[in-house]
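>>> this is a predicted model, with the sequence first.
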Protein chains: 2
Amino acid sequence: MTAKTDRLDGPAGDVRSFAEAAECLKTLAHPVRLRILQLLLSGRYTVGEIAGDCEIPDNVCSEHLRLLQRCGFLTSEREGRKVYYQVAEPDLAELINCILLHYE
Amino acid sequence: MTAKTDRLDGPAGDVRSFAEAAECLKTLAHPVRLRILQLLLSGRYTVGEIAGDCEIPDNVCSEHLRLLQRCGFLTSEREGRKVYYQVAEPDLAELINCILLHYE
DNA sequence: TTGTCACATCGCGACTTGACGATATATTGA
DNA sequence: TCAATATATCGTCAAGTCGCGATGTGACAA
């Protein structure tokens, strides 16, 4: 067949998008990170609050948050000693629910 | 698993679902496998056809198909020497499009 | 300043993943 | 039976991921 770049045969984007989509899916593909996103879809929380909810150490939580932020899912704001994380894209709710609805 | 199992606090499934969802997302999180799924959403194809489309060796393709089948995304049927793969769950189209729409 | 809280980063080891070449299996035709 | 085709599996290894403890940084209060 032909080179990947001349094909635009899907209803949902061309082949160049697969690498980027896979990159973000790899970030989503972790039970703790899914839980973090679900929690943050209900409001903004500090690292400590999120770590407590997920029952993991703060530094591990901080690392997960960094990965999620790197993909553009989250933003953070420091307030005094605390750092609040929140969902960056409102569209994310749709995607997360779309995923979790299949595995309840 | 852990003590997490007593929480049922999300609108899209409880905590027990996260591990399973993450497992399947890990399988989705690969550019070639996303391409394979998009292709198979348009019909059924043999291993050789899929490998040609994705520009990968047959054995590598076969391995990707095995992983996708293991997650329940695909089924296969042998016809003579060839093995045809197809999408197992029609709902998958919704999920794949939901994902790719964000990265076009 | 000193200590403490809240968070981030680093380095390490255990583990998993992905691609490859080689080999194995299944089917068909000569 | 033998060879060819189509697919699957195996062993290996480089590369990546995960969680941990230790350390670093920034903010506030005594």
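Cool, the structure landed. Residues are numbered from 1 along each chain as shown, chains lettered A, B, ... in the order given.

>>> please report how far A:Glu89 lies from DNA strand C.
19 Å (C-beta to the nearest atom of the strand, to the nearest Å). For glycine as for every other residue, the C-beta is placed from the backbone atoms N, C-alpha and C.

>>> show me the contacts for A:Val47.
For A:Val47, the contacting residues are A:Asp58, A:Cys61, A:Ser62, A:Leu65, A:Lys82, A:Val83, A:Tyr85, by C-beta atoms under 8 Å, 6 or more residues apart in numbering or on different chains.

>>> and the helices in chain A?
A:16-28, A:31-40, A:47-54, A:58-70, A:92-100 (DSSP state H).

>>> and chain A, which of its residues are near DNA strand C?
Within reach of DNA strand C by C-beta under 7 Å from any atom of the strand, chain A has these residues: A:46-49, A:58-59, A:62-63, A:65-66, A:76, A:81-83.

>>> can you do 10 Å?
With C-beta under 10 Å from any atom of the strand as the criterion, chain A comes near DNA strand C at residues A:22, A:26, A:29, A:45-52, A:57-67, A:69-70, A:74, A:76-85.

>>> of those, buried ones?
A:22, A:26, A:29, A:45-47, A:49-51, A:61-62, A:64-65, A:67, A:74, A:76, A:84-85 (16 or more other C-beta atoms under 10 Å in any protein chain shown).

>>> hang on, the earlier thing: mind giving me TSV with the contacts of A:Val47 and columns for pLDDT?
Formatted as TSV, those follow (pLDDT from 0 to 100):
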residue	pLDDT
A:Asp58	98
A:Cys61	98
A:Ser62	98
A:Leu65	98
A:Lys82	98
A:Val83	98
A:Tyr85	98
